[in-house]
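Trainee: what follows is a predicted protein model with its sequence.
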Amino acid sequence: METTKNFRDPNLVKKIVGKLRENKRPIRIMEVCGTHTMAIGKWGLRKMLPESIELISGPGCPVCVTPASFIDALMAIESAIVCVFGDLMRIPGSSGTLEDARSRGHDVRIVYSPMQALEIAKERETIFAAIGFETTIPGIAHTIETARKQGIDNFSVLTSLKAIPPALNALLTSDEVQIDSLILPGHVCAVLGMEPFRFLPERFAVGGVITGFEPLDILNSIQHLIEKRDAPEIANSYARVVSDNGNPHARKMIDRVLEPGDALWRGLGVIQDSGYVLRKEYQSFDAATRYDIVMANTKENPACRCGDVLKGIVKPDQCGLFAKTCTPANPIGPCMVSSEGSCAAYHRYERSYLPQAGEGS
Amino acid sequence: MKDDIIKLGHGSGGNMTRRLIREVMNSRFDMPSMSDSALIGERMVSTIDAHVVKPIFFPGGDIGRLSVTGTVNDLAVSGAIPLSIFIAYIIEEGFPIKNLERVTESVHQAAREAGVKILGGDTKVVEHGKADGLYLITSGIGMLHDGYDPSIRAGDHVVVSGTLGDHAIAVINARENLGLYPAPESDCAPINHLIDIMLQTADIRFMRDPTRGGLATVLNEIAEEFSAGFHLYENDIPLKDSVCAASELLGIDPLYLANEGKVVAIVRGDAEALVSRMRKHPLGTDASIIGTVTNESGRVYLETEIGSLRQLPMLESDPLPRIC
């Protein structure tokens, strides 16, 4: 833990915040990853920064970008045990949540790793709700590969796996939101490396820094992005974890089991080749085929602005439902449910009476 | 009640539980408070606790030890000297007798440690598949210490008796086979003797045991009850490295995790002297002053390690079910 302590040194924080507060030219920086959103809230970083530095949250919470139809599909399969990551339990589908379904007797179980679902499948027909980005996908691919090797036919996966670079491409291509720079997701980059993000400065003149999750990681990246604003580049400030080339072994594992396919993102719609689907030789593990599931683009509550929140067009508290009808107890949109959702982070850490930067401290 | 069926969150100890108790139970019973203990007459304190922990055996304890310490600690933090316990067993058909003996031996040992007597109980058996092995319910009786009169005001200190979140992480690691190594141990222990010493040493104005919902939930409840606020210092909050690491892995905040052998005390006057006395007791070695009481009613702030300030709100429901 000593190493993380070094990235929380209050004196260094003070020094760099002092420097950042001198920034006059407005800059909009998007953090793509939900873990960054939570870290920014948890460490109270937004309130330490001057108004000229605007941090906006992007589409990097896997639960938040999972469409309601995915939940509907899982709820429809009552003949099998459904294994999910905890946050999926309370995401509203068109007719309630998986938590409601469990309360009514549907065997829905929370797992911490896809391999736990495989263990459960040894007893009975089991579906794993496979959501996530490049960080979790290698583990899921490994599980599917193991299921085939061990001949565990009771196991299948319903996939809603997403790739980060195509989503960023779609986001920057649309004119809806102005982003100057990106705090790139450290864990995703640990797998992908720098290469898949080079298009950002080349095509959009948007710089990005691969960033860790400690306060000094984030503050240093912001400083770097400000300095390099007019000469945007992709930099790696998380070299203690992320190698520039990422993790080729993990990428190969993904590649053996999955291939790129179109994916439906809540808020962003269908983005070409922005997801991962099972390769032909693994089709028998696809729950969609096995249970004949068609995931339609279900209608979301029109008053819920999660889609715009995910694109960074509005801040959570600019949604009319925020903290009024939509609360962690009674979430309407997924961004309020997931522990890494922007709305949940705002509700927990930012919806308060704390003094703004410049006042007080 | 808005919900039409019970969900796991209703048993979490967070806002969902509070709403359930308020709307279903308290609206009918007209209880003096929503707490699990109450004063009977002038000095007698009584309390009750149900235990459904899964797994039944975990590093640092088991459901038997937990059922005694939970009740003893409830009495002790109410300012009472725990005297006796009644225990009810709900056992699932097929449960191994040797496990029942092991659990009962733990009940016996924990009662001995705490200096309480098991006065009686009840035993029920339900059909196979209708319960999860074993549930225990304990009720306890204690006598109020002389002159213990809760009150809180700005400037009082907040003291905790040791590291936080140990119990929840130990149980979740055992239940979900998270493979943390070495396996974290629960802090499950009767703290009545430590509390005796605290009451003799300092001007203790209020105590709670931070069980379900952890430190953050308990402080929010106290803030609401006494119209007070809290300012905490993250640097002074004792946490084990293993609990911090596991919490980060699971994406949860250790300040919301359950403890089963800790006390949070509001202290007036010399808290330093109290803490150094507590540290001489085996259950108080990591005792620490973690903050102060403020005038800002209902607001709990945490001054983070890096010097920023954030709120520590009440959570809706505990993310980890069935840990006690």
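Mentor: Okay, I see it. Numbers count the residues shown, from 1 in each chain, chains lettered A, B, ... in the order given.

Trainee: which SSE is A:I29 in?
Mentor: strand A:27-33 (DSSP states H and E).

Trainee: what about that strand, near chain B?
Mentor: No. Residues of strand A:27-33 are not located near chain B by C-beta under 8 Å from any C-beta of the partner chain, the shortest gap being 12.5 Å. Using the backbone N, CA and C atoms, a C-beta is placed for each residue, glycine as well.

Trainee: ok, and what's touching that strand?
Mentor: With C-beta atoms under 8 Å, 6 or more residues apart in numbering or on different chains as the test, strand A:27-33 has contacts from A:37, A:40, A:52-61, A:164, A:168, A:178-188, A:211, A:218, A:222, A:225-226, A:229, A:312.

Trainee: for the helix or strand following it, packing partners?
Mentor: Using DSSP H and E, the next helix or strand after strand A:27-33 towards the C-terminus is helix A:34-42. When contacts are defined as 3 or more C-beta pairs under 8 Å, 6 or more residues apart in numbering or on different chains; DSSP states H and E, helix A:34-42 sits against strand A:53-60, strand A:181-185, helix A:186-192, helix A:215-227, helix A:342-345.

Trainee: tell me which residues touch A:R102, please.
Mentor: A:R102 is in contact with A:89, A:108, B:8, counting by C-beta under 8 Å, 6+ apart.

Trainee: wait, doesn't the first one sit right on A:T97?
Mentor: Yes. At 6.5 Å, A:M89 and A:T97 qualify as touching, with contact defined as C-beta atoms under 8 Å.

Trainee: which residues touch A:R8?
Mentor: A:R8 makes contact with A:214-216, B:305-306 under the criterion C-beta under 8 Å, 6+ apart.

Trainee: now do the SS call for it.
Mentor: coil (DSSP: H, G, I helix; E, B strand; the rest coil).

Trainee: the closest residue to it other than its chain neighbours: how many residues sit nearby?
Mentor: Leaving aside its chain neighbours, A:R8 sits nearest to B:E305 (4.8 Å; criterion: C-beta to C-beta, 6 or more residues apart in numbering or on different chains). Residue crowding around B:E305 was assessed by other C-beta atoms under 10 Å in any protein chain shown; the count is 18.

Trainee: tell me if B:E305 really is in a strand.
Mentor: No. Assigned with three-state DSSP, B:E305 falls outside any strand and is coil.

Trainee: just checking, it touches B:I237?
Mentor: No. Using C-beta under 8 Å, B:E305 is not in contact with B:I237; the gap is 9.8 Å.

Trainee: against which helices or strands is the lengthiest strand in chain A packed?
Mentor: Counting residues, the longest strand found in chain A (DSSP state E) is strand A:269-278. In this structure, strand A:269-278 makes packing contacts with strand A:155-162, helix A:164-173, strand A:258-265, judged by 3+ C-beta pairs under 8 Å, 6+ apart.

Trainee: and the stretch 201-324 of chain B, which of its residues are near chain A?
Mentor: B:241, B:244-245, B:250-253, B:299, B:301, B:304-311, B:313, B:315-317, B:319.

Trainee: hmm, which of the residues you listed are the buried ones?
Mentor: Among these, the ones that count as buried by 16 or more other C-beta atoms under 10 Å in any protein chain shown are B:244, B:250-253, B:299, B:301, B:304-311, B:313, B:315-317, B:319.

Trainee: CA-only coordinates of the strand holding A:I29 in CSV, if you can.
Mentor: Extracted as CSV, the C-alpha positions of strand A:27-33 are listed here (Å, rounded to 0.1, in the frame of the first residue of the first chain):
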residue,chain,number,x,y,z
ILE,A,27,-10.7,23.1,-21.3
ARG,A,28,-13.1,20.3,-21.4
ILE,A,29,-11.6,17.0,-20.3
MET,A,30,-13.6,13.7,-20.5
GLU,A,31,-12.7,10.8,-18.3
VAL,A,32,-13.9,7.7,-20.1
CYS,A,33,-13.7,5.2,-17.3
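
Trainee: going by neighbour count, list what's buried in it.
Mentor: Buried residues in strand A:27-33, counted by 16+ other C-beta under 10 Å: A:27, A:29-33.

Trainee: please name the nearest non-neighbouring residue to B:G162.
Mentor: Nearest residue to B:G162 in three dimensions, chain neighbours excluded: B:D286, at 4.1 Å (C-beta to C-beta, 6+ apart).

Trainee: need the pLDDT of the one you found.
Mentor: With respect to pLDDT, B:D286 scores 98.
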